[in-house]
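S.K.: Here is my input; please provide its structure:
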Amino acid sequence: MSGGLFALLDDIAAMARLAAASVDDVAAAAGRASAKSAGVVVDDTAVTPQYLEGVDPSRELPMIKKIAIGSIRNKLIFILPAALLLSQFVPGLISPILMLGGSYLCFEGAEKIWGKISGHDEGHAEPVASKGDASAQEDEVTSNAIRTDFILSAEIMIIALKEVADEGFVSRAVILAVVAVLITLAVYGVVALIVKMDDVGLHLAQKELTETLGQGMVKAMPKVLAAIGVIGTVAMLWVGGHIILVGLEETHWLPQPYEWVHHLEEQVAGATGALGGVLGWLTNTFFSFLLGLAWGAVLVAIWHVLPFGKDKHGVSAEARAEGASSH
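M.R.: Numbering: from 1, shown residues only. Next comes the predicted model:
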């Protein structure tokens, strides 16, 4: 009896050790996958604050909460199951789908630049006439942010998926779920910190010991937020262009651009010594940005310049032309 009991306890201990090892493996794999996605996480963090520009400060944190919930929903309900099923049964569709998402990012980034150039940039700070209008505007801004987050989240999850492709199906699902939660908390925690930094500055400015620091933070924040808006636009074009660049190579539709950029990246990295890794990455990033800008400009031309294209107000190109001629 005692021998059977000790054998049972040994089995339980062995199972516990196996479970602990599995948890460690999942944690390690999630860490590797998250690290591989770090570049896109930075982009996501830079893109999101621009949607809150001009928003009533009292609504900033509630809107960030809505966007974060939408991001979790994007990752866990839509992207994760789709990525697992595609990788299991039709892995060849992953790159073309990502390229569609990359094209959307290129369009969004180029459209913002076109809005600045043409003077039709709506921004997010337009005055609203009523509480209902403000609520509708908030819903629209939140929806736009969640839609853009979907594309960035898809790339994050696909990058993470490639990192753990050798794991079993269940392990992949658990690891990607952990990555989804951790990255969402990290991104929107930083976003919340960025957009509320001016409030922190005001609080510090009211204390004698930190008055100078607080005043400096308050004065700097408008410039910081404006810079983040520019970084977010550049990030859209960079990430979108990189998705297109890699997708053209992976689908074998047009591998030459990726091969050329990758070769140039390696040459720069090899010729610049200790700074090689950074400068090589910047080389790849620069050409990804150029491709994203060029492709985004084509998409903006199709949407805004051709007769069937409409701007954000739903006004056709013909109507805009007639309005301009009347002046």
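
S.K.: how near is Thr285 to Gly292?
M.R.: Thr285 sits 10 Å away from Gly292, going by CB to CB, to the nearest Å. In short, each C-beta sits where N, CA and C put it, glycine included.

S.K.: Tell me which helix or strand Ala134 sits in.
M.R.: helix 131-163 (DSSP states H and E).

S.K.: For that helix, which helices and strands make contact with it?
M.R.: Where contact means 3 or more CB pairs under 8 Å, 6 or more residues apart in numbering; DSSP states H and E, helix 131-163 is packed against helix 2-36, helix 38-47, helix 57-73, helix 80-89, helix 94-118, helix 169-195, helix 211-250.

S.K.: can you tell me how far Gly189 sits from Lys65?
M.R.: Per CB to CB, Gly189 is found 11 Å from Lys65.

S.K.: Sketch out the low-pLDDT regions of the stretch 51-200 of the chain for me.
M.R.: 120-132 (pLDDT under 70).

S.K.: quick one, which of Thr285 and Gly292 is more surrounded?
M.R.: The neighbour count for Thr285 versus Gly292, taken as other CB atoms under 10 Å, is higher for Gly292 (29 against 19).

S.K.: The more buried one contacts Thr233, doesn't it?
M.R.: No - using CB atoms under 8 Å, Gly292 makes no contact with Thr233, being 10.5 Å away.

S.K.: List the residues that are in contact with both of the two.
M.R.: Gly109 (CB atoms under 8 Å, 6 or more residues apart in numbering).

S.K.: on that earlier part again, which among the helices and strands packed on helix 131-163 is found nearest to Val300?
M.R.: Across these, Val300 has its closest neighbour in helix 94-118 (4.7 Å, CB to CB).

S.K.: Tell me the helices and strands packed up against that closest one.
M.R.: For helix 94-118, the packing partners by 3+ CB pairs under 8 Å, 6+ apart are helix 80-89, helix 131-163, helix 211-250, helix 276-300.

S.K.: want to throw the ones you listed into TSV with distance to Val178?
M.R.: Formatted as TSV, the helices and strands packed on helix 94-118 follow (distance: least, CB to CB, whole Å):
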stretch	distance to Val178
helix 80-89	11
helix 131-163	10
helix 211-250	23
helix 276-300	26
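
S.K.: These: which one's closest to Ser58?
M.R.: The nearest among those, by CB to CB, is helix 131-163 at 11.1 Å.

S.K.: Now do the closest one against helix 57-73: the angle between them, please.
M.R.: Between helix 131-163 and helix 57-73, the angle comes out at 40 degrees (axes from the mean of the first three to the mean of the last three CA atoms, to 10 degrees).

S.K.: what residues are up against Leu293?
M.R.: Per CB under 8 Å, 6+ apart, neighbours of Leu293: Cys106, Gly109, Ala110, Ile113, Leu237, Gly241.

S.K.: If we only consider these, which is nearest to Ile194?
M.R.: For the contacts of Leu293, the closest approach to Ile194 (CB to CB) belongs to Gly109, at 19.8 Å.

S.K.: how about the nearest residue to the closest one, chain neighbours excluded?
M.R.: The spatially closest residue to Gly109, leaving aside those adjacent along the chain, is Met236, at 3.5 Å (CB to CB, 6 or more residues apart in numbering).
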